[in-house]
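Undergrad: have a look at this prediction, sequence included:
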Amino acid sequence: VVVMSFSCPHCGLSNSEVQSAAEIQPLGHRITLTGAQGTDVNRQVIRTRYATITVPEIELEMPATPGGGVLTTVEGLLTRAADDLEMNQEERRASAPEQAAAIDGVVASLRTFACNGSTAPFTLVLDDPTGNSQIE
């Protein structure tokens, strides 16, 4: 695994990316984490750009990311998904209020799951056809 990190002291832009230095494994794998304790959100996650993540309880699927992999935590994955879903919510509320309300429910669930100390049970499924993603 190659971890790349960049931070500009002038503008504050930062970027972190993970690229696999290993060969693609002969078989992919699926890792299932059942989070029931608040400390589960502190687990480290290596997600390659080919991996998809699902949270079955709220019917959420995070597709593969073409930009590159990430090194983060379970909390980071859930929080970023919530932040991404909240983008353009104001416009969505005006144009599609029912869809916006459904997204608000998913965001609230993600924030609850991501809360360190929360006892709300959730399942996180990491499916990687390259076999190089991991959950600590």
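TA: Cool, the structure landed. Residues are numbered from 1 along each chain as shown.
Undergrad: all strands of this structure, in order?
TA: Counting by DSSP state E, one finds strands in the chain at the ranges 2-7, 14-19, 29-35, 44-47, 52-55, 60-62, 70-73, 122-128, 134-135.
Undergrad: mean pLDDT lowest for which of the ones you listed?
TA: Mean pLDDT values for the strands of the chain show the minimum at strand 14-19, a mean of 72.
Undergrad: residue 104: which of the strands of the chain is closest?
TA: strand 60-62 (13.4 Å; CB to CB). Where you see a C-beta, it was placed from the backbone N, CA and C, and this is true even at glycine.
Undergrad: hmm, back to that, how about TSV for the strands of the chain, with distance to residue 108 added?
TA: Below are these laid out as TSV (distance: least, CB to CB, whole Å):
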stretch	distance to residue 108
strand 2-7	31
strand 14-19	27
strand 29-35	16
strand 44-47	22
strand 52-55	13
strand 60-62	12
strand 70-73	20
strand 122-128	13
strand 134-135	24
